[in-house]
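Participant: Below is the sequence, then the predicted model.
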Amino acid sequence: MATKPTWQPHTESGKLSAKDRKELPDSAFAFPKQRKAPLTDASHVQNALARFDQVQDVTDAERDLAFANIQQAAEHYGVHMEERSWYDLGKKPHTKNPAH
């Protein structure tokens, strides 16, 4: 069964200050419970993909949700993803896509 994403588009922003990040709703993050990996624009989506395997202290179910959130944000911001599962991330190189 596919995990239903919780990500919701938020005001697009580039660099986030600590104050900006703190004010984001949980639904703006790939990992909403931990508030890790904000997905507020295309570059943040690419960063979340590139650093996905570096996130610690999360369960496989939380990774499933985070990946679903990243997929939804990538579609919204026009970021191409070759990965179909978070298991595809962390391999070097994990895809032929030079964006991440």
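Facilitator: Perfect, thanks for sending it.
Participant: ok, residue 53 touching residue 83?
Facilitator: No. Here residue 53 does not reach residue 83: they are 11.4 Å apart, not a contact under C-beta atoms under 8 Å. All C-beta atoms are positioned from the backbone trio N, CA, C, and that covers glycine.
Participant: So the two - more neighbours on which side?
Facilitator: residue 83 (19 against 14; other C-beta atoms under 10 Å).
Participant: so that one makes contact with residue 50?
Facilitator: No. Using C-beta under 8 Å as the test, residue 83 is too far from residue 50 to be in contact (11.3 Å).
Participant: Scan the chain for its longest helix.
Facilitator: Of all the elements of type helix in the chain, the one with the most residues (DSSP state H) is helix 60-77.
Participant: where in this protein is pLDDT low?
Facilitator: Low-confidence segments of the chain (pLDDT under 70): 1, 12, 90-100.
Participant: pretty sure residue 30 is touching residue 37, no?
Facilitator: Yes. Contact criterion C-beta under 8 Å: residue 30 and residue 37 qualify, at 3.7 Å.
Participant: Between these two, tell me which one has more neighbours.
Facilitator: residue 30 (32 against 23).
Participant: element containing that one, please.
Facilitator: strand 29-31 (DSSP states H and E).
Participant: Neighbouring strands - and their directions - for that strand?
Facilitator: According to DSSP bridges, strand 29-31 has the following sheet partners: strand 36-38 (antiparallel).
Participant: how about the helix or strand just after the strand it pairs with as CSV, C-alpha atoms only?
Facilitator: Note on strand 36-38: by DSSP H and E, the next helix or strand toward the C-terminus is helix 42-51. Provided in CSV are the C-alpha atoms of helix 42-51 (Å, rounded to 0.1, in the frame of the first residue of the first chain):
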residue,chain,number,x,y,z
ALA,A,42,13.0,23.1,-6.2
SER,A,43,16.4,23.5,-4.6
HIS,A,44,15.1,22.3,-1.3
VAL,A,45,13.6,19.3,-3.0
GLN,A,46,16.9,18.5,-4.7
ASN,A,47,18.7,18.9,-1.3
ALA,A,48,16.2,16.6,0.4
LEU,A,49,16.9,13.9,-2.2
ALA,A,50,20.7,14.4,-2.0
ARG,A,51,20.7,14.2,1.8
